[in-house]
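Enquirer: Based on what follows, work out the 3D shape:
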Amino acid sequence: MIKKSVKQICEMISNASFDHTYANQVIEGVSINTKEVEPGNLFIPLKGEKRDGHEFVLEAFKQGASASFWQKDVPNPPQNLPIIFVEDTLKALQQLAGGYRDQLRTKVVAVTGSNGKTTTKDILAGLLSVNYKVQKTQGNFNNHIGLPLTILSLKEDTEVAVLEMGMSNYGEIELLTNLAKPDAAIITNIGDAHLQDLGSREGIAKAKLEIISGLKENGLFVYPGDEQLIREQLISITKPIKIKTFGKSASNDFYSKQIDFNGTGTAFKTNVTDLTFHMPILGEYNVMNALAAMIVANNFGIPFEAMNNAFAQIKLTEMRMEILRGINGSQILNDAYNASPTSVKAVIDLVTNLSGFLTKIVVLGDMLELGPKEKEFHFEIGEYLDPENIQYVFTYGKLGTFIAKGARTNFGQDHVFNFHDKKELIEQLKPYLNKDTFVLVKASRGMKLEEVVEAIKEEI
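Expert: Numbers count the residues shown, from 1 in each chain. Alright, predicted model coming up:
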């Protein structure tokens, strides 16, 4: 993590000032939360919608902070403490991260996409760890605050950093990629998340392609070659970069030739080697994520044989295609971190094609941020469900009602249930759970369907 003196930090931030009495005061690491401050940290007070971090600066020092930012337009700064005065604490955080990135010899891989970016990040970090010391974005630290904090947490001897980049509007990926200056960049896909803000899939593609802005010259850009929207917009990119594609069709540099999966994982073959790869992750779309990661890992010199060994050790972020043992011997697929029409249909396809279970149940909640057509999108998800391969549908939430309505066009009334109370949902779900039952749980993060998972998983 960053380790600098107060003077060195001020040299990395425009128009910063400090009391030279504290010039040699050393900080190690940064924090924006007094509950997480560790001795030696630089505390960065950010202005939120409800509270101003400046209210907690003195508390941060009590917790062991070595120094703190203070925004110049905020009155009554603490006296006789190592305070660094800045024009804007958020911009100062970003400038500090950018300056630290410039000093590191670490290679950076940036990952964005409507769906699959966290899983791709996790897979890629696992593959690269074969030969390199790797750090990756933790949790969802992928925005204008989280990514700078991730950069500042990088150890100086980290050889490769895999950084996830999220967005909801134009300009956000551009900011992040210019801070991170990636050596390689991946777009996993273009889905329908953030339609509310960007209006169309064309707009989403344009926003995601901002990742090339910070990509180093002759850096590697990896994208789904079957996605026409990216191909069309790439024509206007003039920066000299290397481009590789992945996908299902044989026109891609890396493509899948055979995919087989069961309740515990996926086996697949590619066009680039005769090896059969095995992952403890379900889903054809996760094979696509794996292909993107394999292109970058191969570019970094990781042999395919070593990749296959690394796949077996991959640890995914919680609630991302997490396979769990449920009560009474049932099996749960917890994919409750986020949801969009594209990702929900993909995981429904997975469940539809899954063999070895007499009863397959989907528990689906609201998909958020879909704009004026949100009710139609939810109804279409219900219609998409196949009663020949899925036995029961449980929905939760206001918009989940429309999933239930869509499902009832194909399912019998006693096979579709809609709830606005999680406890009722859980109690009605439990009697269906046994060793022959597979349960999918998926919704947008705001629906907190992990509470359902916690209630039906087997206690360890």
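Enquirer: dump the residue contacts of the residue nearest to residue 173 when sequence neighbours are not counted.
Expert: What sits nearest to residue 173 in space, not counting adjacent residues and going by CB to CB, 6 or more residues apart in numbering, is residue 210, at 4.0 Å. Every C-beta, even on glycine, is put in place using the N, C-alpha and C of the backbone. Shown in contact with residue 210 (CB atoms under 8 Å, 6 or more residues apart in numbering): 170, 171, 172, 173, 174, 177.
Enquirer: can you check residue 249 too?
Expert: Contact partners of residue 249, counting by CB under 8 Å, 6+ apart, are 225, 226, 255.
Enquirer: Closest one to residue 422 out of those, please.
Expert: Closest approach between these and residue 422, by CB to CB: residue 226, at 38.0 Å.
Enquirer: What's the local residue count around the closest one?
Expert: 17 (other CB atoms under 10 Å).
Enquirer: Secondary structure element for it, which one?
Expert: With the criterion set as DSSP states H and E, no secondary-structure element contains residue 226; it sits in neither a helix nor a strand.
Enquirer: Helices of the stretch 201-350 of the chain, start to end?
Expert: 201-208, 228-234, 284-299, 304-311, 341-353 (DSSP state H, counting those that start in this stretch).
Enquirer: Just name the most buried of those helices.
Expert: helix 284-299 (a mean of 25; mean count of other CB atoms under 10 Å).
Enquirer: and the angle from it to helix 304-311?
Expert: Interaxial angle, helix 284-299 versus helix 304-311 (axes from the mean of the first three to the mean of the last three CA atoms, to 10 degrees): 130 degrees.
Enquirer: Keeping just the C-alphas, turn helix 284-299 into PDB.
Expert: Extracted as PDB, the C-alpha positions of helix 284-299 are listed here (Å, rounded to 0.1, in the frame of the first residue of the first chain):
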ATOM      1  CA  GLU A 284     -22.000 -21.000 -20.700                       C
ATOM      2  CA  TYR A 285     -21.700 -17.300 -20.200                       C
ATOM      3  CA  ASN A 286     -19.000 -18.000 -17.600                       C
ATOM      4  CA  VAL A 287     -17.100 -19.900 -20.300                       C
ATOM      5  CA  MET A 288     -17.200 -16.700 -22.200                       C
ATOM      6  CA  ASN A 289     -15.800 -14.900 -19.100                       C
ATOM      7  CA  ALA A 290     -13.100 -17.600 -18.900                       C
ATOM      8  CA  LEU A 291     -12.100 -17.200 -22.600                       C
ATOM      9  CA  ALA A 292     -11.600 -13.400 -22.100                       C
ATOM     10  CA  ALA A 293      -9.400 -14.100 -19.000                       C
ATOM     11  CA  MET A 294      -7.500 -16.800 -20.900                       C
ATOM     12  CA  ILE A 295      -6.600 -14.400 -23.700                       C
ATOM     13  CA  VAL A 296      -5.000 -12.000 -21.200                       C
ATOM     14  CA  ALA A 297      -3.300 -14.700 -19.200                       C
ATOM     15  CA  ASN A 298      -1.900 -16.200 -22.400                       C
ATOM     16  CA  ASN A 299      -0.600 -12.700 -23.400                       C
END
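Enquirer: Next, residue 69: phi, psi?
Expert: Here is the backbone geometry of residue 69 (degrees, to the nearest 10): phi -70, psi 160.
Enquirer: Then residue 163?
Expert: When quoted as degrees, to the nearest 10, the phi and psi of residue 163 stand at phi -110, psi 120.
Enquirer: Contacts only, for it.
Expert: For residue 163, the residues meeting the contact criterion (CB under 8 Å, 6+ apart) are 108-111, 121, 136-137, 142, 147, 150-151, 176, 180, 182.
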